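A.B. asks: Fold the following and give me the result.
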Amino acid sequence: MKRSYVAGGGSALCLAVTVVLGACGVTEVAVAPLDPAGVWQSTVDGVSETTLDFSADGSFERFSVAFSSETCTRESGTWRVDGARLSIGLDMRDGTPISVTESYDGAVEGGVLSLDAGGLAASFRSVSRMVDCVTYGWGAWTGRVAANVDGVDRTFDDLEVDLDVDAGTLRLTGHWRPCPACPREVPELILELGGSPGALEPATYSVQNAAGAQRTLFGFYHPDPGNPDFEGFSTERLSPPGEFVLVAIADERISGTFSFRGNPRSDGDVAPDGRTFTLLTEGVVDLAYR
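C.D. replies: Sure thing, here's the model as predicted:
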């Protein structure tokens, strides 16, 4: 227990400040428990950046970035405090299970979180928003998007991902290239999820064309994307069946299954091969940002 003594003029004075009063002349200061809840960041310009997220529910995330090598490591787990002692239990690093415990002496003062592990000290400033590895733009989405399209198995490789988990939006676009070395052109496949007004979370998202619908799916497929005379098939007309079962979602992870029927985007339109609808089944999305 920290003790403060105040003396003057040969007599002891009783000090009153957020204290537990003892005998006159001796004041025992009540040490407030450490509360690191929030997002904190430490940056060494041009060298490294570390961002910590201590969530109020006890979950923890850390993103460690090295600018020179353009690498980003994500770790997650839990945190707890005992007085001014902070313990972090890590159970995941870049998608791989781990079991690591870290302990620090900590303090929060003036918007700065100070952590000390056996003499190795670091300071973190309070920031308003958590980052992720996608923020730095060094990696790419890798994995698999595939489906059975009208009885034929297809894999979509040239993907663009537009994701905002908190805003409840995801748009996956599979682009068409007329040749391997050609620039990508029009979309061949689009999967769009809407979770607004809430965040995206594991759930079933379905084709719903009514105003104000929630947890919605929009699907699009073009069997001949280079053909300018046909607009492709989509789920926006006639409310055809379709759903996307979102199994896992994070800023760097998308996993789920999907199926939908697409109708011509214009009434009476017919595909170049004579089809009047398309059916995508056994769809799989398994993507990670690396």
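A.B. asks: and the nearest residue to S206 once chain neighbours are set aside, helix, strand or coil?
C.D. replies: Computed as Cβ to Cβ, 6 or more residues apart in numbering, the closest residue to S206 that is not its neighbour in sequence is E243, at 4.5 Å. No exception for glycine: its C-beta is placed from N, CA and C like everyone else's. Recorded secondary structure, E243: strand (DSSP: H, G, I helix; E, B strand; the rest coil).
A.B. asks: Name the residues of the helix or strand hosting G89 that are buried.
C.D. replies: G89 is located in strand 85-93, with elements delineated by DSSP states H and E. By neighbour count on 16 or more other Cβ atoms under 10 Å, the buried set for strand 85-93 is L86, I88, L90, R93.
A.B. asks: Can you tell me which of the residues you listed comes closest to V186?
C.D. replies: Nearest to V186 out of the buried residues of strand 85-93 is R93 (Cβ to Cβ; 39.2 Å).
A.B. asks: The strand holding G89: what's the following helix or strand?
C.D. replies: Taking DSSP H and E, what comes next after strand 85-93 is strand 96-109.
A.B. asks: What's the mean pLDDT across that following strand?
C.D. replies: Mean pLDDT, strand 96-109: 94.
A.B. asks: That strand relative to strand 85-93, how many degrees between them?
C.D. replies: Put simply, strand 96-109 runs at 150 degrees to strand 85-93, going by axes from the mean of the first three to the mean of the last three Cα atoms, to 10 degrees.
A.B. asks: other SSEs contacting strand 96-109?
C.D. replies: strand 71-82, strand 85-93, strand 112-117 (3 or more Cβ pairs under 8 Å, 6 or more residues apart in numbering; DSSP states H and E).
A.B. asks: ok, now which ones touch the residue nearest the centre of the chain?
C.D. replies: The centre of the chain sits closest to D251, judged by Cα atoms, centre = their mean, with a distance of 2.4 Å. The contact partners of D251, by Cβ atoms under 8 Å, 6 or more residues apart in numbering, come to D132, C133, V134, L163, V165, Y289.
A.B. asks: out of those, who's nearest D157?
C.D. replies: Scanning those for proximity to D157, where the rule is Cβ to Cβ, the winner is Y289, at 16.1 Å.
A.B. asks: Surely that closest one touches G139?
C.D. replies: Yes - shown here, Y289 and G139 form a contact pair, counting by Cβ atoms under 8 Å, at 5.3 Å.
A.B. asks: Tell me which of the two has more neighbours.
C.D. replies: When neighbours are counted by other Cβ atoms under 10 Å, Y289 and G139 differ, and Y289 comes out ahead with 21 against 15.
A.B. asks: Now the more buried one: closest residue in space that isn't a chain neighbour?
C.D. replies: Counting by Cβ to Cβ, 6+ apart, the residue nearest Y289 is E252, at 3.9 Å.
A.B. asks: hmm, back to that, in helices, which of the contacts of D251 fall?
C.D. replies: C133, V134 (DSSP state H).
A.B. asks: Can I get the contacts of D251 in a markdown table including pLDDT and distance to G262?
C.D. replies: Converted to a markdown table, the contacts of D251 look like this (pLDDT from 0 to 100; distance: Cβ to Cβ, whole Å):
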| residue | pLDDT | distance to G262 |
| --- | --- | --- |
| D132 | 85 | 32 |
| C133 | 87 | 34 |
| V134 | 86 | 29 |
| L163 | 93 | 23 |
| V165 | 90 | 26 |
| Y289 | 88 | 28 |
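A.B. asks: Now the two most distant members of the contacts of D251.
C.D. replies: C133 and V165 (13.6 Å).
A.B. asks: which residues are in contact with stretch 49-58?
C.D. replies: Against stretch 49-58 from outside (Cβ under 8 Å, 6+ apart): 36-43, 60-65, 67, 78-80, 113, 122, 124, 127, 130-131.
A.B. asks: Ramachandran coordinates for the closest residue to R215 other than its chain neighbours?
C.D. replies: Distances taken as Cβ to Cβ, 6+ apart place Y205 nearest to R215, at 4.7 Å, with adjacent residues excluded. Y205 adopts backbone torsions of phi -110, psi 130, taken as degrees, to the nearest 10.
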